[in-house]
Structure formats: C-alpha cells, structure tokens
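S.K.: Here is a sequence with its predicted model. Questions after.
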Amino acid sequence: MPSAVGPTASSESSTVGVARIRSDALKMSSFVSTDLSREFLRASKDLPEVAPRTLYRDRAAGQWFSARDQTAIEGAGFEVIAFDRDDTGPVRAMAKILAWDVGEEKVDLEKDLFATYTLLRKTPPR
C-alpha cells in the first residue's frame, strides 16, 4: 500500500514552495549584475501561491503519485502495482525488430518514441 508523504522542512530551512523561491531570489539579488537577472529575480514576487499537496509513494516500485490519483484509483476499486513506469527501452527494441525505423514513414526511435504504463489490480470486494 502506498504511503502518504506531505511537504517536509529541509534541514536548511523550513521555508518551502513559492515562499522559498521568493526568499532565495531576495538573497541572490546582491549577486546579479545584469538587468535581465534582476528582472528575473524580481518576477518571483508575481508567482502564484500553490497549496501544498500530499504525494503518495509506492516504495516497492519507487513511484510517486498525487492524492487525486490515489483517490481515483482506490475509488474505482484498484490497487497500484506499477504507476507511470518507464517502458521506453523495451518498446524501442520492439520497434527496431518491427522495422519502424526504416522506410518512408520511419520513426526516429531515440527522439520520437517513448512508453509508460500503469498496472492496477482489482481489489476484491470486502
């Protein structure tokens, strides 16, 4: 079962999110020398506030997903086996065998082909 992980304070500072970006921009302002750099740092004050969110981690798969994903998955009666797992290598190997990279409508396997998958298991009714 995935475990919930909320925002945590780092050992460096308890400031997180947009507040941290604004704080860092202020600290860096004395080190920049161009108008572009100064304007970039000043723009941090215009960033919108973003509410913290809980992320879920499937430790076995090493994957992270949001509370919205978790609610939708569990609400539909499923358990996560693998979430957004990268499958690009095997799919590119298959495409090479099937000669997708030759001919008039060839695919650039390195630049234009990728694959991810999510695997769920239907949980039995209780």
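M.R.: Great, that's in hand. Numbering: from 1, shown residues only.
S.K.: Strands of this structure, start to end?
M.R.: Using DSSP state E, the strands of the chain run over 3-5, 55-58, 63-66, 78-86, 116-122.
S.K.: Take these and write them to a markdown table, including mean pLDDT, mean neighbour count and distance to W100.
M.R.: Just so you know, the C-beta spots here come from the backbone N, C-alpha and C atoms, and that holds for glycine as well. Output for the strands of the chain, formatted as a markdown table (pLDDT from 0 to 100; neighbours: other C-beta atoms under 10 Å; distance: least, C-beta to C-beta, whole Å):
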| stretch | mean pLDDT | mean neighbour count | distance to W100 |
| --- | --- | --- | --- |
| strand 3-5 | 51 | 10 | 39 |
| strand 55-58 | 66 | 17 | 31 |
| strand 63-66 | 72 | 15 | 28 |
| strand 78-86 | 82 | 16 | 19 |
| strand 116-122 | 88 | 12 | 18 |
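S.K.: out of the ones you listed, which comes closest to E110?
M.R.: strand 78-86 (14.5 Å; C-beta to C-beta).
S.K.: what's that closest one packed up against?
M.R.: strand 55-58, strand 63-66, helix 67-75, strand 116-122 (3 or more C-beta pairs under 8 Å, 6 or more residues apart in numbering; DSSP states H and E).
S.K.: if we can go back for a sec, let's have the strands of the chain in TSV, adding distance to S23.
M.R.: As requested, the strands of the chain are exported to TSV (distance: least, C-beta to C-beta, whole Å):
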stretch	distance to S23
strand 3-5	23
strand 55-58	23
strand 63-66	25
strand 78-86	32
strand 116-122	35
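S.K.: which ones are touching L41?
M.R.: L41 makes contact with 25-26, 28-29, 32, according to C-beta atoms under 8 Å, 6 or more residues apart in numbering.
S.K.: For those residues, work out which two are farthest apart.
M.R.: So, the contacts of L41 by C-beta to C-beta: farthest apart are L26 and V32, at 11.6 Å.
S.K.: can you pull the buried residues of stretch 88-105?
M.R.: 91-92, 95, 100 (16 or more other C-beta atoms under 10 Å).
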